[in-house]
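In: Dropping the sequence and predicted coords here.
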Number of protein chains: 2
Amino acid sequence: MTVSLTAELWPDVQPETARRLMLAGVESFARRGYHATTTRDIAGNAGMSPAALYVHFPSKAALLFAISRSGHEQALALVEAAANEADSPATAMRQIVERFTSWHARRHTVARVVQYELGALPDKEYEIVAGLRRGIEQIVRDVIESGLAKGDFQVADAHTAARAILSLGIDVARWYSDRAKKSPTALGVEYAELALRMLGTRTTA
Amino acid sequence: MTVSLTAELWPDVQPETARRLMLAGVESFARRGYHATTTRDIAGNAGMSPAALYVHFPSKAALLFAISRSGHEQALALVEAAANEADSPATAMRQIVERFTSWHARRHTVARVVQYELGALPDKEYEIVAGLRRGIEQIVRDVIESGLAKGDFQVADAHTAARAILSLGIDVARWYSDRAKKSPTALGVEYAELALRMLGTRTTA
């Protein structure tokens, strides 16, 4: 639990103590689930008192929300950047899948909490996170629609294809481990190829 | 919680009381996670006393194992049947993905426990379930290898392709709900088409 790791995971969060608590939360939630984890467990895992936790997060739900929002914002930002930088729908899709997949492999413990503890968020917080998810899905759908309009992609239903492509990346968080044979980058490259095939790509990206 | 639902979910389990407890376990684990659920919660959910639960399952872990093993056995059986009935790798793959995907949609609450609570199984029970999972993956890989050998499929790495195809179906358990617009069957048909495209199918299945 080094300063550099937590700063890499949450560059926008200050101070370091808050980041240490987020990392302890990620580890505890990933291991035992949100509902079976107490704020005392998390504080202990971070080498702090429960009182010290409340200085940074008013509740366990607030800590989960900080982890979930940050993870979704990071995923949205990388999908957005990939879409904006590309000069064709095929290149955009290749970059989106490469980055989205490799993020879920590299950050698999954070991503597991982000993807599988949505149901534990309070209503208001859930709505904010759901909005970020809709943003990600919308970008992927827009790229597919634009490829369909240009005749670069051929697919029956853009909505189902978008969901399937995101599922490929999301499910990586479930099975990926540090013992996996493929690096996050190599996996991203292969999955991007599979995604372009699903879309019936006609151009080489 | 009717006799017909539990008998449909677990046709091989007797008596009905054990099936009712399995359903109560599925509902509790899916809602709060395995670790946050007590045997008292589960028994109460099934309208029984904790003592009545122990008549059928010696522990909470034994109940999770019964749910997990049965779910994996069902998934293995349907993948096996699909592979055996088909007369070509493409037909086999289409049937495997259709059935595997629609099972995860139709049984999404059971499947969520089956797929996401593996880590809570004790070592010996985990090994049994892991063996069933390897069986499923092996069948999918064999179908891909056989399609590659015949020139029907074109794919860089059978292992990655098998994992990606299973991921499509598994991730359905995470997002599918009874409010989903697509029926389990329709989703299975669409995902089968996407999977065949991923494999670069050259024959029409």
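Out: Yep, that arrived.
In: And the longest helix seen in chain A, how far out from the chain middle?
Out: Secondary structure assigned by DSSP state H gives helix A:123-150 as the longest helix of chain A. Distance, stretch centre to chain centre, for helix A:123-150: 13 Å (CA atoms, centre = their mean, to the nearest Å).
In: Output the contacting helices and strands for it.
Out: Where contact means 3 or more CB pairs under 8 Å, 6 or more residues apart in numbering or on different chains; DSSP states H and E, helix A:123-150 is packed against helix A:60-85, helix A:89-106, helix A:158-175. To be clear about C-beta, it is placed using only N, CA and C from the backbone, and glycine gets the same treatment.
In: Just checking, which helix or strand of chain A averages the lowest pLDDT?
Out: Every helix and strand of chain A was ranked by mean pLDDT, DSSP states H and E. The lowest is helix A:3-9, at a mean of 82.
In: Please name every helix or strand in contact with it.
Out: Under the contact definition 3+ CB pairs under 8 Å, 6+ apart, helix A:3-9 sits against helix A:16-32.
In: How about residues contacting the helix it packs on?
Out: With CB atoms under 8 Å, 6 or more residues apart in numbering or on different chains as the test, helix A:16-32 has contacts from A:1, A:3, A:5-7, A:9-10, A:13, A:37, A:41-43, A:45-48, A:52-53, A:55-57, A:63-64, A:66-67, A:70, A:109-110, A:112-113, A:117, B:33, B:35, B:119.
In: One more pass at 6 Å, please.
Out: A:3, A:6, A:10, A:13, A:37, A:41-42, A:45-46, A:53, A:56, A:63, A:67, A:109-110, A:112-113, A:117, B:35 (CB atoms under 6 Å, 6 or more residues apart in numbering or on different chains).
In: and those, which are buried?
Out: A:6, A:10, A:13, A:37, A:41-42, A:45-46, A:53, A:56, A:63, A:67, A:109-110, A:112-113, A:117, B:35 (16 or more other CB atoms under 10 Å in any protein chain shown).
In: rewinding a little: pLDDT on the longest helix of chain A, on average?
Out: In this model, helix A:123-150 has a mean pLDDT of 97.
In: same deal with stretch A:173-190?
Out: For stretch A:173-190, mean pLDDT is 95.
In: How far away from the center of its chain is that stretch?
Out: Relative to its parent chain, stretch A:173-190 has a centroid offset of 14 Å by CA atoms, centre = their mean.
In: can you dump the C-alpha coordinates of that stretch into CSV?
Out: The C-alpha trace of stretch A:173-190 is given here as CSV (Å, rounded to 0.1, in the frame of the first residue of the first chain):
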residue,chain,number,x,y,z
ALA,A,173,-12.7,-7.8,-14.1
ARG,A,174,-14.4,-11.1,-12.9
TRP,A,175,-11.8,-13.5,-14.2
TYR,A,176,-8.5,-11.6,-14.6
SER,A,177,-5.8,-12.1,-12.0
ASP,A,178,-2.1,-11.2,-11.7
ARG,A,179,-1.4,-14.8,-12.7
ALA,A,180,-3.1,-14.4,-16.1
LYS,A,181,-0.9,-15.3,-19.0
LYS,A,182,-1.8,-12.4,-21.1
SER,A,183,-0.8,-8.8,-20.2
PRO,A,184,-3.7,-6.3,-20.0
THR,A,185,-2.4,-4.6,-23.2
ALA,A,186,-2.2,-7.9,-25.2
LEU,A,187,-5.7,-8.8,-24.0
GLY,A,188,-7.0,-5.4,-25.1
VAL,A,189,-5.5,-5.8,-28.6
GLU,A,190,-7.1,-9.2,-29.0
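In: Name the residues of it that come out as buried.
Out: By neighbour count, with 16+ other CB under 10 Å as the criterion, the buried positions of stretch A:173-190 are A:173-174, A:176, A:182, A:184, A:187-190.
In: and what of stretch A:159-168?
Out: For stretch A:159-168, by 16+ other CB under 10 Å, it's A:160-168.
In: Can I get that stretch as CSV, trimmed to CA atoms?
Out: The C-alpha trace of stretch A:159-168 is given here as CSV (Å, rounded to 0.1, in the frame of the first residue of the first chain):
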residue,chain,number,x,y,z
HIS,A,159,-27.8,-1.5,-28.9
THR,A,160,-27.2,-5.2,-28.5
ALA,A,161,-23.7,-4.9,-30.2
ALA,A,162,-22.7,-2.1,-27.8
ARG,A,163,-23.8,-4.1,-24.8
ALA,A,164,-21.9,-7.2,-26.0
ILE,A,165,-18.7,-5.2,-26.7
LEU,A,166,-18.8,-3.6,-23.2
SER,A,167,-19.6,-7.0,-21.6
LEU,A,168,-16.4,-8.4,-23.1
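In: any idea of the pLDDT on the nearest residue to A:Ala81 once chain neighbours are set aside?
Out: Leaving aside its chain neighbours, A:Ala81 sits nearest to A:Arg99 (7.8 Å; criterion: CB to CB, 6 or more residues apart in numbering or on different chains). Model confidence at A:Arg99, given as pLDDT, is 98.
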